[in-house]
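# missing the sequence, but the structure's below:
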């Protein structure tokens, strides 16, 4: 029973390029969450999705960032025209259903913007 | 919104007991979680409290007082491998952020010989 799978593990982009981060939730989980973690800081909530629906995107920057969780396939966090400030670890977590369930985290994608 | 405070760093001795405190102010409350995170790795679940009182699980215990907005994580018989960051997280209520967890900045615990 595989855990939450994120890829790539490390991603290097130059300023202005696009970054695509993928997350496959645990089997049977239909809720996906994306968090960003900067060095020496806590995990900051970005977005909460269910299949084909964005439930809460209150933590997403208004520009350049988008997320989806299609009916088939992994959840994707997309960052367009990356800037150095986007360099961070991006963690995905999943849960089987809504309130009352703990989150299971993936190993994260470390994004480095040159 | 949510505000969560926990100490930045703590140091303890192998074999000892350490208590990591967490205070929170939230617009809604639907449970408090503790996670452990080793450097460069995924946070892993340790404990969950939704009612007042103590939850014990092996060497780890967690306490919650909702009226005081206060929790602590107690680690007994410390081992070197317990050196990690310990994250306190609160889940908001129906009007306080739904199902998402809001995390504190974490307490970096260093266990020494």
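Nice, thanks for sending it over. Worth saying up front: this structure is predicted, and the values here are computed from it rather than measured. Numbering: from 1, shown residues only, chains lettered A, B, ... in the order given.
# which strands and helices lie in contact with the helix or strand harbouring residue A:76?
Residue A:76 is part of strand A:75-79, with elements assigned from DSSP states H and E. In terms of contacts (3 or more Cβ pairs under 8 Å, 6 or more residues apart in numbering or on different chains; DSSP states H and E), strand A:75-79 is packed against strand A:19-24, strand A:31-37, strand A:43-50, strand A:65-68, strand A:88-95. Yep, even glycine has a C-beta here, placed from its N, CA and C like the rest.
# please see if the third one touches chain B.
Yes. Counting by Cβ under 8 Å from any Cβ of the partner chain, chain B is contacted by strand A:43-50 at A:43-45, A:48.
# sheet-wise, list the partners of that strand with their directions.
Strand A:43-50 has the following strand partners under DSSP bridges: strand A:31-37 (antiparallel), strand A:53-56 (antiparallel).
# okay, angle between the longest one and strand A:75-79 too, please.
This means strand A:31-37. 30 degrees (axes from the mean of the first three to the mean of the last three Cα atoms, to 10 degrees).
# just the residues contacting strand A:31-37, thanks.
A:23, A:25, A:43-50, A:67, A:69, A:75, A:77, A:88-98, A:101, A:103, A:108, B:99-101, B:103 (Cβ atoms under 8 Å, 6 or more residues apart in numbering or on different chains).
# PyMOL command for the buried members of these?
Restricted to buried positions by 16 or more other Cβ atoms under 10 Å in any protein chain shown, the PyMOL selection for the contacts of strand A:31-37 reads:
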select buried, (chain A and resi 23+25+43+44+45+46+47+48+49+67+69+75+77+88+89+90+91+92+93+94+95+101+103+108) or (chain B and resi 99+100+101+103)
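# who's residue B:3 bridged to?
Under the criterion used (DSSP bridges), residue B:3 bridges to residue B:25.
# separation between it and chain A?
Distance, residue B:3 to chain A, using Cβ to the nearest Cβ, to the nearest Å: 12 Å.
# that residue - how many residues pack around it?
13 (other Cβ atoms under 10 Å in any protein chain shown).
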